[in-house]
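Asker: dropping the sequence and predicted coords here.
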Amino acid sequence: MFGKEGGPTAARPEARNSGPSNSESTALSVIASGMRIVGDVESSGVMKIDGRVEGSVTHARQVLLGRGATVKGNVAADEVVIGGVVDGGIRASERLELQATAVVNGDIETKSIVVLEGARINGSVRMADLAVPRAEGQKTASEPLRIVTSS
C-alpha cells in the first residue's frame, strides 16, 4: 500500500470517465403489480411494468409490459414486448412483440413486429427502418396497414 514511488495514492487506480457506464444501459426499473404511476416515465435501461402507468414511457432500451399491466400513454423504446394493455401509440425502433394477451389501442411504428395469435391492435401499423432518415423526395410506404378487431 505504501510504496516507495508516490506514497498512499500510488496504490489507487486512477478513476476515468469514459462515457456512460455499463450499469446505466443495463439498469432494470420495475413498476410492480399494484403500483400506479401518474406522469411520464423515462429510463435508459430496461423497464419492467406489471402495474399501471398513466403517462408516456420513453427513452428505454427495452420495455416489458406484463399481462395485467396497463399504460395510458405512448411507449417509445428500442425493443417493446407487450402482454397487457396500451392505450396510446407505440414506437419501437428495433422490434415489437405483441403476446397473445396484448391489446394496443393506438398506432404502431416499428422496424420489426411479432404478433401472436390472440393479440389485438386497434390502430395503424407502419413498418419502416426508423433509424435511417428518409432522403428528400423519397417515397414513403403506401398507406399504413390498418387492423381493427372487435371483441
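Answerer: Alright, I've got the coordinates.
Asker: mind listing what's buried in the helix or strand where Val30 lies?
Answerer: Assessed by DSSP states H and E, Val30 sits inside strand 28-31. For strand 28-31, burial by neighbour count (16 or more other Cβ atoms under 10 Å) applies to 29, 31. Where C-beta positions appear, they are placed from N, C-alpha and C, glycine not excepted.
Asker: just to be sure, Val63 is in a helix?
Answerer: No - going by DSSP: H, G, I helix; E, B strand; the rest coil, the assignment for Val63 is strand, not a helix.
Asker: which parts of this structure are helices?
Answerer: Under the criterion DSSP state H, the chain carries helices at the ranges 22-25.
Asker: ok so, going back, what is the strand holding Val30 packed up against?
Answerer: Applying 3 or more Cβ pairs under 8 Å, 6 or more residues apart in numbering; DSSP states H and E, we find strand 28-31 packed against strand 46-49.
Asker: mind listing the strands the strand it packs on pairs with, and their directions?
Answerer: Strand pairing for strand 46-49, determined by DSSP bridges: strand 28-31 (parallel), strand 57-65 (parallel).
Asker: quick one: mean pLDDT for the shortest one?
Answerer: Per-residue confidence for strand 28-31 averages out to 94 on the pLDDT scale.
Asker: hmm, who's touching that strand?
Answerer: By Cβ atoms under 8 Å, 6 or more residues apart in numbering, the residues outside strand 28-31 that reach it are 37, 41, 43, 45-53, 69.
Asker: for these, name the two members farthest from one another.
Answerer: Comparing every pair within the contacts of strand 28-31 by Cβ to Cβ identifies Gly45 and Arg52 as the most remote, at 20.5 Å.
Asker: neighbour count winner among those two?
Answerer: Arg52 (19 against 15; other Cβ atoms under 10 Å).
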